[in-house]
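Student: what's the 3D shape of this:
(chains A and B)
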Amino acid sequence: MNRHLLSIHDLSAEEVVRILDTAESFREVGTRVIKKVPALRGRTVVNLFYENSTRTRISFELAAKRLSADVINFSTGGSSVSKGESLKDTALTLQAMGADAIVIRHSSSGAPLTLTRWVRGSVLNAGDGTHEHPTQALLDLYTMRDRLGRLEGLRVAIVGDVLHSRVARSLSFALVKMGAEVTLVGPPTLIPPDAAAWGVQVSHDIGAVLPKLDVCYMLRVQRERQRQQYFPSVREYARLFGLSRERAGLLPDRALVMHPGPMNRGVEIDSDVADLPRAAIEEQVTNGIAVRMSLLFILLGGSGSQEDEQEAGAVRLPEEVPAGA
Amino acid sequence: MPAARLMDEAEVRRSITRIAHEIIERNKGADGVVLVGIAARGDDLARRLAREIGRIEGQTVPVGALDITFYRDDIGIRAEAPEVHETRIDFDINGWTVVLVDDVLFTGRTIRSALDALVDFGRPTAIQLAVLVDRGHRELPIRADFVGKNLPTRKDEDVRVALREVDGEDAVLVDDPVRSETGTEGVRS
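Tutor: Residues are numbered from 1 along each chain as shown, chains lettered A, B, ... in the order given. Below is the predicted model of the structure:
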């Protein structure tokens, strides 16, 4: 397996299955009285977060701690840090401190790839700009497979602001890779123009899509987009694309409702829909720890992470990055 | 590679029967005894031992499976992260006697890892060790309480246990990397 995880495109379908299978064992660890194993004792994991994030950072922190790795949290608070030199200097500092893995979240697409040029350890993308959020996609795949028993042939709708969503990109790529059928649903202004090239369907009518689904995946409405006039008003958006209780009733009995969090209850998803038994939103969070443990273990569990540093710069850039924030 | 057959189906069966009797004898019955097999193959052996003990004593013995991957001591040495198997211990081991079951006892490092893993599940009254084959060459101060067969081997030989459940047959096999011809008497000490 590649030393870094920057994009879903870094993984083969077999590697995805291995990550999910290994996560199964880590979920069992999470049910024990002592939820910690010595698998990565002596390794150091740095959480480098240039963008605010609570759940992803905590999830990675807990994952690394349950593997007995040492964890350093490096948050920049967002404003004063610019790209280029300072990211490089930070990287070199962490390198000098002997970080075996750097988990990075950055508002610029491609920042994790850039980081791989300067550090010897593994780089894990925890969300970069509007590019990708591969670990979220993997935990979503895990949750779907766990609840529905398979990935191949699953019919999944991803509803909302697909254009600016790194979650939607990673999840679409991952689902298509595993043989699922993906439909992107949202207003035309929020569907990426190149969506056809992803191997997915596009629809602007959520009501027509819902009755045929195995999974309805709701994206968070990023309220700041409303000011940029991607849609007229939050209320109108909620009426046209929100998953209301009535709309949720159109779903087949076994279909799941998922959301990457944090939710805007009453906007993209009604409060009581989020609490239905068919909603797997809390499981997504729990499974996220197991999946990140699995990734850290597979990436850092061998001695390979210390070798061939010149290979670091040779990582291919996965796909074009679309224009966006 | 030619493999010498050191135990056949009947011998494996007799060994399991004898070990089952020894476990009962040592523990004065099967009360308070649970079996935990180390994946892979130790878990299958543990299930067979439990069936045998159940047959003899007329009671059910809890069986668990333990994967020791996360407790191994070779993280800096191995090239890649190893494959992980399932761990399933559905019962409380606090206050019970745990009989750890494995197919081959060699360096003792697997058992060291298993002991670490087991104490994360609780504090058993005692831990005993049952193995189908003890091939020597210990690197740690560990010994088995119940042994199917002692097999003196060279360190570079490869001893494998085949079980019906995973391999379609019961046998203990040794691959000799040096000899090209082999017979069943081919084991050296």
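Student: Please make it C-alpha for all contacts and neighbour counts, starting now.
Tutor: Noted.
Student: nearest spatial neighbour of B:Ile19, skipping sequence neighbours?
Tutor: Leaving aside its chain neighbours, B:Ile19 sits nearest to B:Phe146 (6.1 Å; criterion: CA to CA, 6 or more residues apart in numbering or on different chains).
Student: which residues does the one you found bridge with?
Tutor: Assessed by DSSP bridges, B:Phe146 has beta-bridge partners B:Ala130.
Student: That one: how many residues sit nearby?
Tutor: Look at B:Phe146: counted by other CA atoms under 10 Å in any protein chain shown, it has 23 neighbours.
Student: tell me the contacts of it?
Tutor: Taking CA atoms under 8 Å, 6 or more residues apart in numbering or on different chains, we find B:Phe146 in contact with B:19, B:22-23, B:129-131.
Student: Scan these and report the most crowded one.
Tutor: Busiest of the contacts of B:Phe146 [other CA under 10 Å] is B:Ala130, holding 31 neighbours.
Student: Please name the nearest non-neighbouring residue to whichever residue of chain A sits closest to chain B.
Tutor: Nearest residue of chain A to chain B, counting by CA to the nearest CA: A:Gly302, 3.9 Å away. Counting by CA to CA, 6+ apart, B:Glu80 is the residue found nearest to A:Gly302 once chain neighbours are left out, at 3.9 Å.
Student: Could you check the pLDDT of the one you found?
Tutor: As predicted, B:Glu80 sits at a pLDDT of 87.
Student: ok, now A:Gln229?
Tutor: 86.
Student: who touches it in this structure?
Tutor: No contacts exist for A:Gln229 under CA under 8 Å, 6+ apart.
Student: That one - that's part of a helix, no?
Tutor: No - going by DSSP: H, G, I helix; E, B strand; the rest coil, the assignment for A:Gln229 is coil, not a helix.
Student: buried stuff in the lengthiest helix in chain B?
Tutor: For chain B, the longest helix by residue count, based on DSSP state H, is helix B:9-26. Buried positions in helix B:9-26, judged by neighbour count with 16 or more other CA atoms under 10 Å in any protein chain shown: B:11-13, B:15-24.
Student: Could you dump these into a markdown table with distance to B:Val84 and pLDDT added?
Tutor: Output for the buried residues of helix B:9-26, formatted as a markdown table (distance: CA to CA, whole Å; pLDDT from 0 to 100):
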| residue | distance to B:Val84 | pLDDT |
| --- | --- | --- |
| B:Glu11 | 30 | 97 |
| B:Val12 | 27 | 97 |
| B:Arg13 | 28 | 97 |
| B:Ser15 | 28 | 97 |
| B:Ile16 | 26 | 97 |
| B:Thr17 | 30 | 97 |
| B:Arg18 | 31 | 98 |
| B:Ile19 | 28 | 98 |
| B:Ala20 | 28 | 98 |
| B:His21 | 32 | 98 |
| B:Glu22 | 31 | 98 |
| B:Ile23 | 29 | 98 |
| B:Ile24 | 32 | 98 |
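Student: Neighbouring strands of the helix or strand of chain B with the lowest mean pLDDT in the sheet, and parallel or not?
Tutor: None of the helices or strands of chain B scores lower by mean pLDDT, DSSP states H and E than strand B:3-7, at a mean of 91. For strand B:3-7, the pairing partners within the sheet under DSSP bridges are strand B:171-175 (antiparallel).
Student: can you state the direction angle for the partner strand and helix B:9-26?
Tutor: Angle of strand B:171-175 versus helix B:9-26, following axes from the mean of the first three to the mean of the last three CA atoms, to 10 degrees, is 110 degrees.
Student: Only C-alpha atoms, please: export the host helix or strand of A:Ile289 in PDB.
Tutor: Using DSSP states H and E, A:Ile289 sits in helix A:281-300. What follows is helix A:281-300, C-alpha atoms only, in PDB (Å, rounded to 0.1, in the frame of the first residue of the first chain):
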ATOM      1  CA  ILE A 281     -25.100   9.000  12.100                       C
ATOM      2  CA  GLU A 282     -23.800   8.100  15.600                       C
ATOM      3  CA  GLU A 283     -22.400   4.800  14.300                       C
ATOM      4  CA  GLN A 284     -20.500   6.800  11.700                       C
ATOM      5  CA  VAL A 285     -18.700   8.600  14.500                       C
ATOM      6  CA  THR A 286     -17.900   5.300  16.400                       C
ATOM      7  CA  ASN A 287     -16.800   3.500  13.300                       C
ATOM      8  CA  GLY A 288     -14.600   6.500  12.400                       C
ATOM      9  CA  ILE A 289     -12.300   5.600  15.300                       C
ATOM     10  CA  ALA A 290     -11.900   2.000  14.200                       C
ATOM     11  CA  VAL A 291     -11.300   2.900  10.600                       C
ATOM     12  CA  ARG A 292      -8.700   5.500  11.500                       C
ATOM     13  CA  MET A 293      -7.000   2.900  13.800                       C
ATOM     14  CA  SER A 294      -7.000   0.500  10.900                       C
ATOM     15  CA  LEU A 295      -5.400   3.100   8.600                       C
ATOM     16  CA  LEU A 296      -2.700   4.200  11.100                       C
ATOM     17  CA  PHE A 297      -2.000   0.500  11.800                       C
ATOM     18  CA  ILE A 298      -1.600  -0.400   8.200                       C
ATOM     19  CA  LEU A 299       0.400   2.700   7.300                       C
ATOM     20  CA  LEU A 300       2.700   2.700  10.400                       C
END
